[in-house]
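Asker: build me a model from this:
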Amino acid sequence: MTALSAVQATSDARPWLAHYPPAVPPTIDEAKVGTLADLIRGAYETYPDRQAFESFGKSITFAEVGRTARAFAAWLQAQGFKKGDRIALMMPNILANPVTIFGTLLGGFTVVNVNPLYTARELTHQLNDSGARALVVIENFAHVVEEARPNLKLESIIIATAGDLMGFKGAIVNFVARKIKKVVKPYNLPGAVPLKTILAHPGTMSPVTIAPEDVAFLQYTGGTTGVAKGATLTHHNVASNVAQCALWLGWELEAPHGRTDYQHVMVTALPLYHIFALTCCCMFMLRIGAKSLLIANPRDIAGFVKILKGTRFTLFSGVNTLYNALASHPEIKEVDFSELRFAIAGGMATQAAVAKRWKDATGRPIIEGYGLSETSPVASVNRTDITEFTGTIGYPLSSTDFAIRDAEGNDVPVGQPGEICIRGPQVMVGYWNRPDETAKVMTADGFFRTGDVGVLLPDGQFKVVDRMKDMVIVSGFNVYPNEVEDVLAKHPGVLESAVIGLPDEHSGEAVTAFVVKRDPAVTADELRAFCKENLTGYKVPKQIIFRETLPKTNVGKVLRRALREEVAGQKV
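Answerer: Below is the predicted model of the structure:
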């Protein structure tokens, strides 16, 4: 095969490469990826005086982050913890979070990210499944740890506070949390050590040799569909994804001409214990020397908008529900979006109506990407130079292959739906201690089966249709909830919705929509009529149920499973 024909064969197999931005190569140099420890050290050595993180109006520099991270690593070593031991972190977006993440990684330990909203049952499962030897928890949720402790095997518990690393201002933040907002409940954890004490008496961290194949994170996933499993992500997995993001996004992030002091600021509203924020808002920001603006409580939309009104920012990340809530807030027009380079969405399908609302409010389109905990997470993303929302998940990143396959594992033709399968250096090595579960999702040729239905479009882009498990079958016809929800989102009287299939004696399943009203006057008949104008008959919701709220995950993803279980429970 000649060189020219080889290039043609590659282009035919990977049609997306023909649509890459000119500055983006088809592959990354994996030999130069390094480890996350290299990335962390590189940031605090290259940008020591730059602000790295901001929380509650207080910023810390990269040098401070490096110093405190090493102090935390030294303390873990002094307690007898060894390389590879799992250290669990249970915090929202506060300054203590990135510092303990980095300290854990620098010390050669493995981070187990824990949702601080977990119940004692959920916490017990994750800590025992991961074999975590130590836990850092914000005091707001220490009472949950107390409840779970009789069933845990922890050797050390460290108590963090929202005001850690903030000096005098931190004392004020903690006073407000404890005495005014009363979000800190009483707890009793004998032997627990305040993080503040650890960082106030720093030891010296012993050198640790960290290899790319060492495990960096156990990122638990699958809690929305069953028992949570730990996606085992190595340093190479996540560092590769950072390198891939840098190639795809970096060409758009150059400083304005003549601005040697220019620094990007990422609005980090998604929690760092979620893989999207962890890689894109934290690790990638280290790569480019940017500051992460940490939002501890993004559910407080009014407070969030107030922060944005008083803050300079250049980058934004979020999920559909967050963009919807912000774009719908009456004061969003008072926020200065003039320096915003791009806003990226992931985690769940972005609805066209929400994207339009955001563009109208900010002047910038939402750039949608796609990924999972198992892919570190970014697998594909739209080009950053788009001017309008595309409704696709864009193109696979450099060194990433996508395949659309049927139930037998065969590739399907362009335009036909099938399961999205992904291969690349960012794909996990497997589920922690679950070889059986790993075997279910990894193919013989190295692809990860996502469980998502998608299509390859003629221009090389990919589009997600829906989750395979959420698909509704009406009289033998497939109905994808995302499509119905997208139509409902276009109605001015709908704030948000969730569509599921419920048993039906005539059609097998019936499309059922749970709707939160934007306009109190909207009726079910009105919404059904609207759907009939935009959907074929079998896709129109047979039943519309109005709700004040919808059940969601910690990052705002609607839990269709919870609605199905709720309805099933009512019928028992």
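
Asker: hey, let's count contacts and neighbours off CA atoms from now on
Answerer: Noted.

Asker: all strands of the stretch 51-200 of the chain, in order?
Answerer: All strands of the stretch 51-200 of the chain, identified by DSSP state E, counting those that start in this stretch, fall at 51-55, 58-61, 86-90, 110-113, 134-138, 156-160, 193-194.

Asker: quick one: distance of the fifth one to the chain centre.
Answerer: Strand 134-138 has its average C-alpha position 21 Å from the chain's average C-alpha position, going by Cα atoms, centre = their mean, to the nearest Å.

Asker: would you list the strands of the stretch 51-200 of the chain in CSV and tack on mean pLDDT and mean neighbour count?
Answerer: Listed next are these as CSV, based on pLDDT from 0 to 100; neighbours: other Cα atoms under 10 Å:
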stretch, mean pLDDT, mean neighbour count
strand 51-55, 98, 23
strand 58-61, 98, 18
strand 86-90, 98, 26
strand 110-113, 98, 27
strand 134-138, 98, 24
strand 156-160, 98, 21
strand 193-194, 98, 16
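
Asker: closest one to residue 332 among those?
Answerer: Residue 332 lies closest, by Cα to Cα, to one member of those: strand 51-55, at 20.8 Å.

Asker: which outside residues touch the closest one?
Answerer: 59-62, 65, 93-95, 289-296 (Cα atoms under 8 Å, 6 or more residues apart in numbering).

Asker: point out where the protein drops to low pLDDT.
Answerer: Scanning the chain for pLDDT under 70 picks out 1-12, 222-226, 571-572.

Asker: and stretch 301-320, end to end?
Answerer: Here the two ends of stretch 301-320 are set 14 Å apart, with distance taken as Cα to Cα, to the nearest Å.

Asker: go through it and flag the buried ones.
Answerer: 304-305, 307-309, 312-320 (16 or more other Cα atoms under 10 Å).

Asker: which two among those are spaced furthest apart?
Answerer: Greatest spatial distance among the buried residues of stretch 301-320 (Cα to Cα): 312 and 320, at 22.5 Å.

Asker: quick one, domains of the chain?
Answerer: Following automatic domain parsing, one finds the domains of the chain at 63-210, 471-571.

Asker: residue ranges for the strands of the stretch 301-450 of the chain, please.
Answerer: According to DSSP E, counting those that start in this stretch, the strands that the stretch 301-450 of the chain contains are 315-318, 342-345, 366-371, 378-381, 395-396, 401-405, 418-423, 430-431, 448-456.

Asker: ends of stretch 524-544, what's the gap?
Answerer: Taking Cα to Cα, stretch 524-544 runs 6 Å from one end to the other.

Asker: how close does the residue nearest the centre of the chain sit to residue 371?
Answerer: Against the mean C-alpha coordinate of the chain, by Cα atoms, centre = their mean, the closest residue is residue 276 at 2.6 Å. Taking Cα to Cα as the measure, residue 276 falls 8 Å from residue 371.

Asker: what residues are shared contacts of the two?
Answerer: Joint contacts of residue 276 and residue 371 (Cα under 8 Å, 6+ apart) are 346, 347, 377, 378.

Asker: how many neighbours does residue 563 have?
Answerer: If you count neighbours by other Cα atoms under 10 Å, residue 563 ends up with 17.

Asker: ugh, wrong one, I meant residue 349
Answerer: Residue 349, neighbours per other Cα under 10 Å, totals 25.

Asker: pretty sure it contacts residue 482?
Answerer: Yes: between residue 349 and residue 482 there is a contact under Cα atoms under 8 Å: 7.3 Å.

Asker: for residue 556, state which of the shared contacts of residue 276 and residue 371 is nearest.
Answerer: Distances from residue 556 to those, taken by Cα to Cα, are shortest for residue 347, at 8.9 Å.

Asker: what's near enough to touch that closest one?
Answerer: 276, 319, 370, 371, 372, 557.

Asker: any idea how far the fifth one is from residue 378?
Answerer: Counting by Cα to Cα, the separation of residue 372 from residue 378 is 7 Å.

Asker: more neighbours, these two?
Answerer: Legend: neighbour count by other Cα under 10 Å for residue 372 and residue 378, higher for residue 378 (27 against 18).
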